[in-house]
Each structure stands twice: as structure tokens, then as C-alpha cells.
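J.: Need coordinates for the following:
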Amino acid sequence: MFDYNFHWRPVMKSLPDLIDAAFLTLQVAVLAMIIGIIIGLCLALIRLHLKGPLYWFASSWVEVARNTPALFQLFFFGFGLGAFGLHLSPYLIVLAGLSFNCAGYLAENFRGGFQAIPDTQMRASRTLGMTAWQAYTRVVIPQVFRIVYHPVTNQMVWAVLMSSLGMLVGFRELSGETQFFASRTFRIFEYFAVTAVIYYVIVKLILGAARLLAARLFRY
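T.: This is a model prediction of the structure:
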């Protein structure tokens, strides 16, 4: 028979701490995405234009990131590097793990975006007197970002949600903070119910901001 008594007061008292943890979650996800975009672009360009050791390095990065569990990657930075004497803080473990994973997925998105741009775009840019760097940064890459905009948005949502794995390496982000308070008060359902709502709001805000940004950037 269902006789569970809900007690929301401890959750409400802890709500400011949960909100702070939510901002920490968002912070590490945004930083991981920025790093992932930069590295992902480099990996995509290497796989498209280079051969030899750099090509195999970039391909190995993408294959490992896309074909192993995110938790395994997190544990590698948390415990695998520790075996070699390199000990990272929980924040850096999560940041490194998310960045590694995001870079692998985004590299394939960017590679598909580059391949969708006709070669005539580059040739026309060079004909107008642009250097290869100018052609890429002013003509090709802006078009690539337009093509991969929605996959990048999805990856941002993924980074926010998967940051919850950080609780397993001692990172006090939103899920870690929730677990901490829930274990002290034994109000498991109440805490995780509120946390689920916070995650839902964060994701909806990201998607809403992405739609507004897309309407402004791609209105033409």
C-alpha cells in the first residue's frame, strides 16, 4: 500500500545550492562545447586534407570518442591518468571528458558540413584574391556552421545532461549536489524530482536560445 509521505521543506531549503550547482553544470558544458568545437574543427580539417600520422591521430580520436561509453572516457581522465601520476581535480576530469567526447562527435558533424560545401566556393574565393585562410574563415566555415547548427545544439544539450556523470568522480554539479543532499536527508524522490525539473528548464532554455539565435543569424 502506498504510504509515502512527501516532505518538500528540506528541498526548498537546499534550492539555492541546487541552483548554484545548475550554473556549474551549465558552465562546464559550455566550456566543453567551446573546446570541442575548436578541436572538432581541427580534427575535421585534418581528416579532410592531411594524411599520415596526423590523419591517424584524428581518426583514432573520433573512433574512440564515438564508439566507447562516455563514462569510460570520464574514468580514463579520472583514474587512468592517475596511474601515470597525473591527478586532475573533479572539475577538470569532467571538462576533459566532455571536451574529448564532444570533439569526436562534432568532428564528424563538421566533416559532413565541409563536404556539403561545393568546391566552387573555395575556387571562387581564391579567384577573388583571398588567401586559403581567408576563404575558409570568411566563406566556407560560416556556411559549415549554418549546416551543422542544429547538430551542434543537440550536442550542447547532450553535454549538459551527460555532465551528470561527474557525480561518479566526485564533481558536485547538479546531480552530485542532489545526491549529496538526498543522502543526508533521505528525501530521494523529492530531491531528484526537483533536479529533473531544473534539468528540463535548462534544456528548454538552451533550445529556446538556439531558436532565437538561428532566427537572427539565418533570417536570410
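J.: pLDDT at the residue nearest the centre of the chain, what is it?
T.: For the chain, the residue nearest the mean C-alpha position is Ala159 (3.3 Å; C-alpha atoms, centre = their mean). Looking at Ala159, its pLDDT is 95.
J.: Quick check: closest non-adjacent residue to it.
T.: Spatial nearest neighbour of Ala159, excluding adjacent residues (C-beta to C-beta, 6 or more residues apart in numbering): Ala29 at 4.0 Å. C-beta here means a position set from N, CA and C on the backbone, and glycine is covered the same way.
J.: and what of Gln73?
T.: In space, Gln73 is closest to Gly97, 5.0 Å off (C-beta to C-beta, 6+ apart).
J.: following the helix or strand encompassing Phe100, which helix or strand comes up?
T.: Per DSSP states H and E: Phe100 is located in helix 90-116. Later in the chain than helix 90-116, the nearest helix or strand by DSSP H and E is helix 119-127.
J.: Go through the helix or strand following that following helix and flag the buried ones.
T.: Once helix 119-127 ends, the next helix or strand along the chain (criterion: DSSP H and E) is helix 132-135. Across helix 132-135, burial judged by 16 or more other C-beta atoms under 10 Å covers Ala135.
J.: Check which helices and strands helix 132-135 is in contact with.
T.: helix 119-127 (3 or more C-beta pairs under 8 Å, 6 or more residues apart in numbering; DSSP states H and E).
J.: chain center to the helix it packs on, what's the gap?
T.: Once both centres are worked out by C-alpha atoms, centre = their mean, to the nearest Å, helix 119-127 turns out to sit 33 Å from its chain's centre.
J.: Which secondary structure elements does it sit against?
T.: The contact analysis (3+ C-beta pairs under 8 Å, 6+ apart) places helix 119-127 against helix 132-135.
J.: residues in contact with the helix it packs on?
T.: If you take C-beta atoms under 8 Å, 6 or more residues apart in numbering as the criterion, helix 132-135 is touched by 121-122, 125-126.
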